[in-house]
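Engineer: need coordinates for the below:
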Amino acid sequence: MRIFARQHGTISSSVLNLLRRDKPPEVSTFTEHMKHGAGSCIDKIYPTASLKTVFSGEIPSSGNCRQSTGLMGYPLFSTYQGFFHCWFLCEAHCNDLVTQILAAPPQLQTLKLFDELSNAICVYADCVKFIAENAPNDKIARAALVCNHNAHQFVEKLNTNVELYRAIKSVSENVEEVSRFNSEDITALKSFLHDMEHSGIHLPEDIRNSYVETMSQIATAGANFLKLGQEPAVIKYKDTPEALKRTQPNEYKKKIEFIELHGPGTEHSMTDVRDFTFRHYHAFNEDRENELLNLLRARHNMARSVGFSSFSERELRHTMAGSPETVSGFLKNLHSELKPLVKAELEHIKFAKADDNRHDFSEPAIYPADGQYYSRVLNEKFLVNNHKHDMFMDMLEFQNVIEGLNIFCEDVLKISLVAESPMKGELTDSTVVKVGVFDEKEGLVGYIYLDLFERDNKAPRTCLHTITCGTKSQIPVVVLQCSFLMKSRERIGQFHYPKLNLDQVQTLFHEFGHALHAVLGRTTYQATSGTRGPTDFSEIPSMLFENFISHPEVYYAVINPFVVYNERDFNLGSTNLLNTPYSALKTETNIVYSMLDLELHSSHPTSTTQVSDSIFSNYSHLTNVPGTSPHLRFSHLYFYGARYYSYLWSQSIANLIFYNLFHDNPFNETSGDKLKEFLKRGSGSDLKASLDDLVGYQFTQEDMIAAIVEPLRVFQNSYLDNQDISKKWW
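Structural biologist: As a prediction, the model looks like this:
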């Protein structure tokens with residue numbers, strides 16, 4: 001029996017009693033400030049509603065709430081002066097913790113003080129960083145930006161505090177004390193040491209100074225590389241194909257001398273437009289090449305200065321994979337198993353392209369833009385042709401997607417998503433929805449702010465912001481950010497909510513997997529909570545949630561949460577996930593970029609384009625376009641740096657979890673309980689052992705590779721092999 005009624009969005013009286021509170025006291029210390037954020041308001045009472053209700057505009061507005069506060073529930077963030085006052089309190093609190101750490105004996109208490117210090121600075125810095133990017137006005141944005149800079153400078157000061165490093169190092173060297181630590185204590189200890197040594201604190205002073213300078217070079221080169229990669233390609237108007245000219249506004253056509261290309265054009269249905277756009281957008285650019293070389297050179301020098309042979313060795317040391325050799329072996333073996341499946345897909349793509357261009361069915365070249373375009377088109381055609389409910393080309397009602405997500409969480413994880421009316425001044429925008437996450441047994445476990453729609457003062461990206469980590473003594477708070485197009489900018493209740501396509505729904509579920517990982521975390525240390533772990537581990541829940549929404553039964557439940565479907569509704573049954581058709585080529589492309597990222601950070605190249613061309617020719621079945629260098633616009637070379645493989649690694653493990661626990665019944669409650677317990681542990685335990693326990697056996701790298709390849713093989717055996725590609729079946 002569920003405690004929280006889905007259709008009414010109500011909460012039991014026992015939980016409501018927990019939410020009651022008098023007016024909050026004035027904030028005089030940073031500890032008091034932290035108590036008033038959304039993550040600590042378990043004793044406040046707000047009107048509540050179901051998510052479907054709030055996205056229908058019926059939730060009580062914040063105007064009905066008796067209390068007012070600052071952004072994200074922190075009173076001091078109500079004015080721009082409050083950000084500076086709060087920073088003053090935060091800095092004083094952190095300095096006091098440093099004093100306590102330096103005076104403490106090298107025991108467990110020192111480790112816990114370190115975590116308290118880390119938590120205090122993260123609560124402030126993470127929150128002001130989010131506000132700086134999404135503030136409701138320029139004045140608040142500038143204040144948050146300055147304070148974010150102050151916080152980062154303070155972190156650098158802490159990371160270069162030799163006495164602070166010696167304090168945590170002495171704990172690790174206290175063999176008798178460490179022998180009494182549990183696995184989570186040891187993981188947290190290693191994490192703090194690793195973070196401080198990342199700044200070269202353990203090096204002699206002359207090397208440390210050089211190290212700090214090199215880190216500055218990395219930041220500068222990385223920023224320049226990103227900026228150049230975002231610049232449009234500028235082309236003379238007279239040189240563009242007629243089909244591309246027709247996309248320009250009529251009133252400007254006679255005046256235009258140049259047009260700007262802001263993307264590679266892989267969405268264009270006309271081959272000549274695709275080829276032209278891709279060739280010019282990804283044309284080799286010497287400035288981008290030089291900045292990427294500067295970035296790689298600085299990273300290589302930095303890694304060598306601290307005793308590593310390469311940057312990749314340094315970055316992978318504390319990941320699940322553990323070494324560049326392991327990652328390389330994984331990618332090469334996966335590529336080998338994938339080859340025949342890619343070749344089969346390419347045969348279909350070749351015939352589709354030849355037919356579109358009225359060529360004979362010989363051997364048309366398939367370029368990268370063709371691969372992306374036809375994989376998407378053929379995937380959509382497959383979904384429409386092989387399911388009775390012709391919903392895959394249609395846009396989905398946003399309210400249904402949200403309600404379907406809530407129903408899935410209730411049925412599988414026994415948690416309810418309940419919208420709350422915020423206090424005055426709490427939200428960065430009126431389109432943001434505050435959601436309380438309630439466990440069937442534990443009550444309130446965390447908050448998710450849904451910031452899903454684009455606006456002028458918002459960073460245009462899709463990500464998860466962790467404001468407060470979930471621990472045994474702290475309620476987690478996260479912001480799930482997307483940039484879906486909103487048709488109007490009026491007050492809540494009058495929005496025209498957008499409809500979402502399949503890709504957008506998968507994106508929402510991906511980020512929600514991150515959100516649940518953060519919200520359900522209940523570790524002793526914030527340093528090991530939720531998504532705060534190695535990248536090839538923290539992406540597993542998000543990839544798993546992509547599998548959930550790709551299961552036909554879950555997808556149909558999202559299309560219409562109030563209709564029950566059965567096996568007869570699926571022409572091919574539920575054996576083929578929606579993200580499986582025509583994805584072998586996409587997987588191979590991810591392998592190519594993962595290998596390129598690894599190779600560039602494992603050597604000291606003099607030409608990144610030569611390395612890219614070599615890897616492309618050896619590992620891609622597509623035809624390279626001469627004179628192009630797509631990798632020079634690949635921002636993940638900076639953001640991930642030797643860790644781009646993490647998506648494939650995480651996908652393989654997510655597939656293992658899904659096919660062992662959820663494929664036959666995606667609403668399996670027993671499996672949901674196991675998953676929830678896994679998410680609670682964060683990265684505080686042995687990661688591989690924890691995953692083995694979840695999957696049900698000790699899996700190997702061969703199992704991981706099979707978990708990616710076998711679903712693609714099943715699809716080809718049940719569908720592709722039965723198609724006569726000499727006919728226009730698509």
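
Engineer: alpha carbons only for contacts and neighbour counts from here, please
Structural biologist: OK.

Engineer: can I assume residue 164 is in contact with residue 104?
Structural biologist: No - look at residue 164 against residue 104 with C-alpha atoms under 8 Å: they stay out of range, at 11.1 Å.

Engineer: quick one, which of the two is more surrounded?
Structural biologist: Taking neighbours as other C-alpha atoms under 10 Å, residue 164 and residue 104 compare with residue 164 leading, 19 against 15.

Engineer: what about that one, which helix or strand?
Structural biologist: For residue 164, the element it lies in under DSSP states H and E is helix 162-173.

Engineer: so how far is that helix off the chain centroid?
Structural biologist: A distance of 33 Å separates the centroid of the chain from that of helix 162-173, by C-alpha atoms, centre = their mean, to the nearest Å.

Engineer: for it, buried residues please.
Structural biologist: By 16 or more other C-alpha atoms under 10 Å, the buried positions in helix 162-173 come out as 164-169, 171-172.

Engineer: next one: stretch 210-225
Structural biologist: 211-212, 214-215, 217-218, 221-222, 224-225.

Engineer: where in this protein is pLDDT low?
Structural biologist: Applying pLDDT under 70 to the chain flags residues 1-66, 247-255, 358-363, 386-395, 487-496, 560-576, 719-730.

Engineer: remind me, longest helix of it?
Structural biologist: helix 324-356 (DSSP state H).

Engineer: ok, back up a step: Throw the buried residues of stretch 210-225 into a markdown table and include distance to residue 306 and secondary structure, thanks.
Structural biologist: Shown next, in a markdown table, are those (distance: C-alpha to C-alpha, whole Å; DSSP: H, G, I helix; E, B strand; the rest coil):
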| residue | distance to residue 306 | secondary structure |
| --- | --- | --- |
| 211 | 8 | helix |
| 212 | 12 | helix |
| 214 | 12 | helix |
| 215 | 12 | helix |
| 217 | 16 | helix |
| 218 | 15 | helix |
| 221 | 20 | helix |
| 222 | 20 | helix |
| 224 | 25 | helix |
| 225 | 25 | helix |
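
Engineer: can you add distance to residue 383 and give those back as a markdown table?
Structural biologist: Output for those, formatted as a markdown table (distance: C-alpha to C-alpha, whole Å):
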| residue | distance to residue 383 |
| --- | --- |
| 211 | 53 |
| 212 | 53 |
| 214 | 51 |
| 215 | 48 |
| 217 | 48 |
| 218 | 45 |
| 221 | 44 |
| 222 | 40 |
| 224 | 42 |
| 225 | 39 |
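
Engineer: show me which of these is closest to residue 280.
Structural biologist: residue 225 (18.4 Å; C-alpha to C-alpha).

Engineer: contacting residues for that closest one?
Structural biologist: Neighbouring residues of residue 225 by C-alpha atoms under 8 Å, 6 or more residues apart in numbering: 288, 291-292, 635.

Engineer: which two from those residues end up farthest apart in space?
Structural biologist: Among the contacts of residue 225, 291 and 635 lie farthest apart (C-alpha to C-alpha), at 12.2 Å.

Engineer: pick out whichever of these two has more residues nearby.
Structural biologist: More crowded of residue 291 and residue 635, by other C-alpha under 10 Å: residue 291, with 20 against 16.

Engineer: how about the secondary structure of that one?
Structural biologist: Of the three states, residue 291 takes helix under DSSP: H, G, I helix; E, B strand; the rest coil.

Engineer: from residue 229, how far out is it?
Structural biologist: Distance of residue 291 to residue 229, given as C-alpha to C-alpha, to the nearest Å: 10 Å.

Engineer: ok so, going back, and the contacts of the helix holding residue 164?
Structural biologist: With contacts defined as C-alpha under 8 Å, 6+ apart, helix 162-173 is touched by 98, 101-102, 106-108, 110-111, 114, 158-159, 177-178, 189, 192-193, 196, 201-202.

Engineer: can you check stretch 318-331 too?
Structural biologist: The contact list for stretch 318-331, computed with C-alpha under 8 Å, 6+ apart, reads 312-313, 316-317, 534-537, 591, 594-595, 598, 602, 645, 687-688, 701, 705.

Engineer: give the buried residues for it.
Structural biologist: Across stretch 318-331, burial judged by 16+ other C-alpha under 10 Å covers 318-321, 323-324, 327-328, 330-331.

Engineer: for residue 659, state which of these is nearest.
Structural biologist: Distance to residue 659 across those (C-alpha to C-alpha) is lowest for residue 330, with 20.2 Å.

Engineer: pull out the buried members of the contacts of stretch 318-331.
Structural biologist: Members of the contacts of stretch 318-331 classed as buried by 16+ other C-alpha under 10 Å are 312-313, 316, 534-537, 591, 594-595, 598, 602, 645, 687, 701, 705.

Engineer: greatest separation within those: which pair is it?
Structural biologist: 602 and 687 (25.2 Å).

Engineer: strands of the protein, residue ranges please.
Structural biologist: With strands called from DSSP state E, the chain shows them at 48-50, 233-236, 258-261, 396-397, 415-420, 433-439, 443-453, 463-468, 477-484, 499-500.

Engineer: counting by contacts, list what the last one packs against.
Structural biologist: What that stands for is strand 499-500. For strand 499-500, the packing partners by 3 or more C-alpha pairs under 8 Å, 6 or more residues apart in numbering; DSSP states H and E come out as strand 396-397.

Engineer: what are the pairing partners of the strand it packs on, and which direction each?
Structural biologist: In the sheet, strand 396-397 lines up against strand 499-500 (antiparallel) (DSSP bridges).

Engineer: so what's residue 401 closest to, chain neighbours aside?
Structural biologist: Of all residues not flanking residue 401 in the chain, residue 558 sits nearest, at 5.1 Å (C-alpha to C-alpha, 6 or more residues apart in numbering).

Engineer: okay, now that neighbour: neighbour count?
Structural biologist: Counted with other C-alpha under 10 Å, the neighbours of residue 558 add up to 26.

Engineer: over to residue 638?
Structural biologist: When neighbours are counted by other C-alpha under 10 Å, residue 638 registers 20.

Engineer: ok, the residue nearest to it when sequence neighbours are not counted to residue 216 distance?
Structural biologist: Counting by C-alpha to C-alpha, 6+ apart, residue 222 is the residue found nearest to residue 638 once chain neighbours are left out, at 6.0 Å. For residue 222, the distance to residue 216 equals 10 Å [C-alpha to C-alpha].

Engineer: which residues touch residue 683?
Structural biologist: Going by C-alpha under 8 Å, 6+ apart, the list of residues near residue 683 reads 187, 528-533.

Engineer: from the residues you listed, pick the one nearest residue 547.
Structural biologist: residue 531 (18.8 Å).

Engineer: how close does the closest residue to residue 522 other than its chain neighbours get to residue 520?
Structural biologist: Spatial nearest neighbour of residue 522, excluding adjacent residues (C-alpha to C-alpha, 6+ apart): residue 471 at 4.4 Å. From residue 471 across to residue 520, the span is 9 Å (C-alpha to C-alpha).

Engineer: the more surrounded of these two?
Structural biologist: Using other C-alpha under 10 Å, the more surrounded residue of residue 471 and residue 520 is residue 520, with 27 against 24.

Engineer: helices along the stretch 401-550 of the chain, start to end?
Structural biologist: Taking DSSP state H, counting those that start in this stretch, the helices of the stretch 401-550 of the chain run over residues 502-519, 535-538, 540-550.

Engineer: which one of those helices is the most hemmed in?
Structural biologist: For the helices of the stretch 401-550 of the chain, the largest average neighbour count (mean count of other C-alpha atoms under 10 Å) is found in helix 540-550, namely a mean of 25.

Engineer: quick one: list the elements packing against it.
Structural biologist: helix 502-519, helix 646-661.

Engineer: JSON lines for these, including distance to residue 265?
Structural biologist: Listed next are the helices and strands packed on helix 540-550 as JSON lines, based on distance: least, C-alpha to C-alpha, whole Å:
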{"stretch": "helix 502-519", "distance to residue 265": "18"}
{"stretch": "helix 646-661", "distance to residue 265": "24"}
